[in-house]
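J.: need a structure here:
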Amino acid sequence: MRTYSLQWHQVLVVGMVMALLGLPKAWALRYGPASYKNYPAFYNSHPLPTPSFFRGKVLKAVIEVDSAAPARWNYAVAVLSNIEKAFGGDPRRYRLELVAFGPGIRMLSVWNDAHNRMPLERLAAHGLKIRACHNAMLANHLVRKDIFAFARIVPAGVLEVARKEMQGYVALKP
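T.: Numbers count the residues shown, from 1 in each chain. Predicted coordinates for the structure are as follows:
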């Protein structure tokens, strides 16, 4: 069996030919996110289309947040926003639910973190369903008026996640 190795000048020539023919952009779009880091200007200025395997299908996801860390909540909101952007803001193409339980319930409290209100309200207006765990509310001494008005209370957050998984939702934990 023969093995071939390219010399540095051969690799340089192949790279220059690809650049002249415009292949790197097409290559980046075809071969996925691992290659995007090589083309940051193109990736940042051209939104990628929704992957073809989602065409004609509805994405169903339940996002569970059990942490009161602001970084975790910011990440969860970013994940939800990215899903919304990927589907063009069309709520008929996705079903999203955010379930807060455990220490994460404090992030839905009007007393604790008001900066979550605006992005969550915007996402709720576009189809995001927000659920607050009643058990966690009891443990944290919260009542209904302490939770954002657009959040619905469920008996147990983990049971809500399990129920959604049984309905075909994928559980995400950012």
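J.: what's around Pro70, how many residues?
T.: Counted by other Cβ atoms under 10 Å, the residues lying close to Pro70 total 12. For every residue, glycine as well, the C-beta is placed using N, CA and C.
J.: and if you look at the one 3 residues further on?
T.: By other Cβ under 10 Å, 24 other residues sit near Trp73.
J.: State whether it is indeed within a strand.
T.: No. Under DSSP: H, G, I helix; E, B strand; the rest coil, Trp73 falls outside any strand and is assigned helix.
J.: How about the contacts made by it?
T.: Trp73 sits next to 65, 67, 104, 107, 113, 116 when contact means Cβ atoms under 8 Å, 6 or more residues apart in numbering.
J.: mind redoing it with 6 Å?
T.: Applying Cβ atoms under 6 Å, 6 or more residues apart in numbering, we find Trp73 in contact with Met107.
J.: Ok, Val62 next?
T.: By Cβ under 6 Å, 6+ apart, the contact set of Val62 is 97, 161, 164, 169, 171.
J.: now swap in Lys57 and tell me
T.: For Lys57, no contacting residues are found, by Cβ under 6 Å, 6+ apart.
J.: Narrow the contacts of Val62 to those that are buried.
T.: Using 16 or more other Cβ atoms under 10 Å as the burial test, the contacts of Val62 include 97, 161, 164, 169 as buried.
J.: Filter those down to the ones in strands?
T.: Using DSSP state E, the subset of these located in strands is Glu97.
J.: any chance of the buried ones among the contacts of Val62 in a markdown table, plus distance to Leu142 and pLDDT?
T.: Listed next are the buried ones among the contacts of Val62 as a markdown table, based on distance: Cβ to Cβ, whole Å; pLDDT from 0 to 100:
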| residue | distance to Leu142 | pLDDT |
| --- | --- | --- |
| Glu97 | 20 | 95 |
| Val161 | 20 | 95 |
| Lys164 | 23 | 95 |
| Tyr169 | 26 | 95 |
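J.: Helices - which of the buried ones among the contacts of Val62 land there?
T.: 161, 164 (DSSP state H).
J.: Please name the bridge partners of Glu97.
T.: Listed by DSSP bridges, the beta-bridge partners for Glu97 are Val62, Lys129.
J.: That one touches Lys129, doesn't it?
T.: Yes. Glu97 is within contact range of Lys129, at 4.4 Å (criterion: Cβ atoms under 6 Å).
J.: mind listing the strands for the protein?
T.: Along the chain, counting by DSSP E, strands occupy 59-65, 94-100, 129-133, 151-154, 170-172.
J.: What lies in contact with the shortest one?
T.: By that I understand strand 170-172. Residues outside strand 170-172 that contact it (Cβ under 6 Å, 6+ apart): 61-63, 161, 165.
J.: Partner strands of it, with direction?
T.: When sheet partners are counted by DSSP bridges, strand 170-172 sits next to strand 59-65 (parallel).
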